[in-house]
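1. structure of the sequence below:
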Amino acid sequence: MEERLDPAPSVRDRPRIGITRASGIPAPTHIALQLAVRIAGGIGVTITPRTRIDPALIDGFIVSGGADISPELFNMVGKKGHRYDHPRDRMELDLLAYAEKNDIPVLGVCRGAHLMNAYRGGTLHLSVRKAYKNARYPSHVFAHLFFRKRVTIESGSLVSRITGRDEIAVNSLHRQSVDAVGSGLVVTAHERNGVVQAIEDPALKFFVGVQFHPELLIYRPSILKLFRALVAESARRPVR
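-> Numbers count the residues shown, from 1 in each chain. Predicted structure coming up:
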């Protein structure tokens, strides 16, 4: 589903969406993101710490899910013995800085939303179960596929305008969540128990992070619209 990166594409109506991930074998969620971008009309371009790509050749970014970001990014101590992916953290922070400076659309997914928040000086709850009441979700593999929880979306937010909904059902594949919100960001979706499910910067055209994994929900039109909106906004960038 990935396509080779052409520095001088002839077809401008298929913007190139850089999709970050860890080095090594791609996770199923990365493959799902590639599929979502293709269905939405874009070209997925994998970006890892080992396969750096000139960001000037990218029209939009998806900062994907994966292992926990380093707590050092928000002045907390990491888990003893836990191996964090510092090269990936640094790569994605650099891409976020580039995207913000050049107003390139960004969608953060789960870990990606956490990194976006930390990039802006925000913090995370290292354990959702400890931070919130009624936040004990099923964690076995079938729950990751089929369990759903209700999320309220703030009226007038970009997420609301894109999905056309004020409430959606989402999956639950996370242990952590946004705590203090970073500078310039606002919470635009949350669960009834208070767990943050979406953040965005209203001052930018498209700078959105979601706690859930929309790539596993693209069979629902309201969720697929997130990828269609990202691709559409990316397509508006000037031809280079």
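2. just for the protein, where's the confidence low?
-> 1-12, 81, 139-144, 239-240 (pLDDT under 70).
3. can you give me the strands for it?
-> Secondary structure of the chain (DSSP state E): strands located at 16-20, 43-47, 60-63, 106-109, 124-125, 149-153, 167-170, 177-178, 186-190, 196-200, 207-210.
4. the nearest residue to residue 51 once chain neighbours are set aside and residue 217, how far apart?
-> Spatial nearest neighbour of residue 51, chain neighbours left out: residue 23 (7.8 Å); criterion: CB to CB, 6 or more residues apart in numbering. Just so you know, the C-beta spots here come from the backbone N, C-alpha and C atoms, and that holds for glycine as well. Residue 23 sits 27 Å away from residue 217, taking CB to CB, to the nearest Å as the criterion.
5. more neighbours: the two, which one.
-> The neighbour comparison of residue 23 against residue 217 (other CB atoms under 10 Å) goes to residue 217, with 19 against 13.
6. what separates that one from residue 227, distance-wise?
-> 10 Å.
7. again with residue 93
-> Taking CB to CB as the measure, residue 93 falls 23 Å from residue 227.
8. still on that earlier bit, let's have the strands of the chain in CSV, adding distance to residue 118.
-> Formatted as CSV, those follow (distance: least, CB to CB, whole Å):
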stretch, distance to residue 118
strand 16-20, 15
strand 43-47, 19
strand 60-63, 11
strand 106-109, 11
strand 124-125, 7
strand 149-153, 22
strand 167-170, 22
strand 177-178, 9
strand 186-190, 15
strand 196-200, 11
strand 207-210, 11
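9. so which of these gets nearest residue 70?
-> strand 124-125 (10.6 Å; CB to CB).
10. now do the closest one: everything it contacts.
-> If you take CB atoms under 8 Å, 6 or more residues apart in numbering as the criterion, strand 124-125 is touched by 69, 71, 74, 76, 114, 117-118, 131-132, 176-179.
11. when residue 93 and residue 227 are compared, which one has more neighbours?
-> residue 227 (25 against 17).
12. pick out the residue closest to the middle of this protein.
-> residue 108 (1.7 Å; CA atoms, centre = their mean).
13. that one touches residue 115, doesn't it?
-> Yes - Residue 108 lies in contact with residue 115 (CB atoms under 8 Å); the separation is 6.6 Å.
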